[in-house]
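**Q** Just need the structure, nothing else, for what follows:
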Amino acid sequence: MKSNTKILITGLGNISALGYGAAAAWEKMLAGENGLRVKSDWEHAGIQAQFFGETPAVEFDNEVKWDDRFPPQQYSKLGILACKKAIDDAGIVLEALDNEIGLVIETSLGATASVEDYLYDLYRYGLQKISPVKFTKTVANTVLGDISRIFKLNGPSSLIYNSNSITYGFDLIRKGAAEIVICGGVDHYTEYRVLSEQENDHLVRVADHPNALSATASETNSQRNILGDGAAFIVLESEASALRRKARRYAELVEYSSCFDYRNIEDTTQRSADVVETAIDALRAILEPKEKVVYLSAYTTAEQMERSERHVLDGLNRSNETYSLRHKAYTGDMKSASGIMGASIASQVLYNNRFPVPLAFGQYPSDFGYALVNTAHEGGGSSHLLLRKTF
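**A** Below is the predicted model:
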């Protein structure tokens, strides 16, 4: 297969507090709706009422034909549903068993719920009374296997921890290893993880704010966050393949830059200024002067963005009129899913030619030429994606 030089985004799919599907999320953002709510019906008595982004209830059996005897875990369900939306949106017909469509999925939490469930039964009943099948569900790449099997994806595939799957898909296509790669992120919080975040004072306190929108705008402790479940997928495709299929082209993925911040290995609510600046500089050189830019932040609260990205935004504004958007303020921090969600929303801004949030005087900025998407991962890694309008 020949090397491909232009890579397009041709399909979007997600499930988050903003709804099921990229179109539903976009419409809610345009309507000014925030998916975050105060959740108080936790099963664990120790968890207080918390701002949280819950995914909507979806009839899984109506969406996907599942032939296995045991149902998939929630972690896999989220991934399957979001991936299905991306495949449908891209108009990909998966009838041939010999397709070479790739699949790369990122996660931070993995199959934590299944691990907790297995360990609980192991402690309670002993090894001899636990089904071996239950252990297989504790492996993080179950979501990779479930999606590959259901949608019959036979190209290169991989599950990665705390790194942006889009960058891997981009390289696979650019190097000619595949023409279509589906890239996704999936994470599901267990109550024990929420409890841990609460006890470490890492959650925005409900008592300090009248609602979630106010919390994301006015919280002053930059290390406090709001969480949310979700999954997001996009379809990357070579220009040649997209032209053959007459696929919709949301945006072109031009380039990416990755960096590592050793000062913030355990913290995804901030990044050191010099590290981010170096990564952005590699992409800034590609931007055409005076083209409008939409910037998707890696952070949930305004304070987090000011602390870690203000210098970047100021620098961009000197050459390009730049508008920033904190999409996590609508969904909560979905860990690995948030980076893909950012790319999805950036693609919609470019494709629909409008910013989803009005300015103070009621107008919606438009005519964007580029989008920059910043992502922050556990372990200190960050990836920055540069998208360009395709028409």
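**Q** so where is the stretch 1-150 of the chain shaky, pLDDT-wise?
**A** 1-4, 95-98 (pLDDT under 70).
**Q** The same query, at a cut-off of 90, please.
**A** Regions of the stretch 1-150 of the chain meeting the criterion pLDDT under 90 cover residues 1-5, 34, 65-73, 93-100, 113-141.
**Q** residue ranges for the helices of the chain, please.
**A** The residue ranges that make up the helices of the chain, judged by DSSP state H, are 22-30, 60-63, 74-90, 112-125, 132-136, 142-151, 165-174, 191-199, 212-218, 239-245, 273-284, 302-317, 328-331, 336-352.
**Q** Contacts for the fifth one, please.
**A** The set of residues external to helix 132-136 that reach it, using CB atoms under 8 Å, 6 or more residues apart in numbering, is 70, 114, 117-118, 121, 142. For the C-beta atoms, the positions are set from N, CA and C on the backbone; glycine is no exception.
**Q** which of those residues has the most neighbours?
**A** Comparing these by number of neighbours (other CB atoms under 10 Å), residue 114 comes first, having 22 neighbours.
**Q** Quick check: the gap between that one and residue 322.
**A** Residue 114 sits 42 Å away from residue 322 when distances are taken as CB to CB, to the nearest Å.
**Q** before we move on, what about residue 330?
**A** Computed as CB to CB, the residue 330 to residue 322 distance reads 20 Å.
**Q** out of the two, which sits in the busier spot?
**A** In this comparison of residue 330 against residue 322, neighbours counted by other CB under 10 Å, the higher total goes to residue 330 at 28 against 21.
**Q** Can you get me a residue count around residue 346?
**A** The number of residues packed near residue 346 is 26, by other CB under 10 Å.
**Q** Tell me who's in contact with the closest residue to it other than its chain neighbours.
**A** Leaving out its chain neighbours, the residue that sits closest to residue 346 by CB to CB, 6 or more residues apart in numbering is residue 371, at 3.7 Å. Residue 371 makes contact with 251, 293-296, 346-347, 349-350, 385-388 under the criterion CB under 8 Å, 6+ apart.
**Q** List the single closest residue to residue 266 in space, sequence neighbours excluded.
**A** Skipping the residues right next to it in sequence, residue 266 comes nearest to residue 378 by CB to CB, 6+ apart, at 7.4 Å.
**Q** What is the burial count for that neighbour?
**A** Residue neighbour count, defined by other CB under 10 Å, stands at 16 for residue 378.
**Q** which one of the contacts of helix 132-136 sits closest to residue 13?
**A** residue 142 (19.2 Å; CB to CB).
**Q** Tell me how far that closest one lies from residue 247.
**A** For residue 142, the distance to residue 247 - CB to CB - is 30 Å.
**Q** Also residue 215?
**A** Using CB to CB, one gets 39 Å for the distance from residue 215 to residue 247.
**Q** Reformat the helices of the chain into a markdown table and put distance to residue 258 next to each item.
**A** Written out in a markdown table, the entries for those read as follows (distance: least, CB to CB, whole Å):
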| stretch | distance to residue 258 |
| --- | --- |
| helix 22-30 | 25 |
| helix 60-63 | 34 |
| helix 74-90 | 23 |
| helix 112-125 | 25 |
| helix 132-136 | 32 |
| helix 142-151 | 22 |
| helix 165-174 | 6 |
| helix 191-199 | 26 |
| helix 212-218 | 26 |
| helix 239-245 | 24 |
| helix 273-284 | 7 |
| helix 302-317 | 15 |
| helix 328-331 | 20 |
| helix 336-352 | 11 |
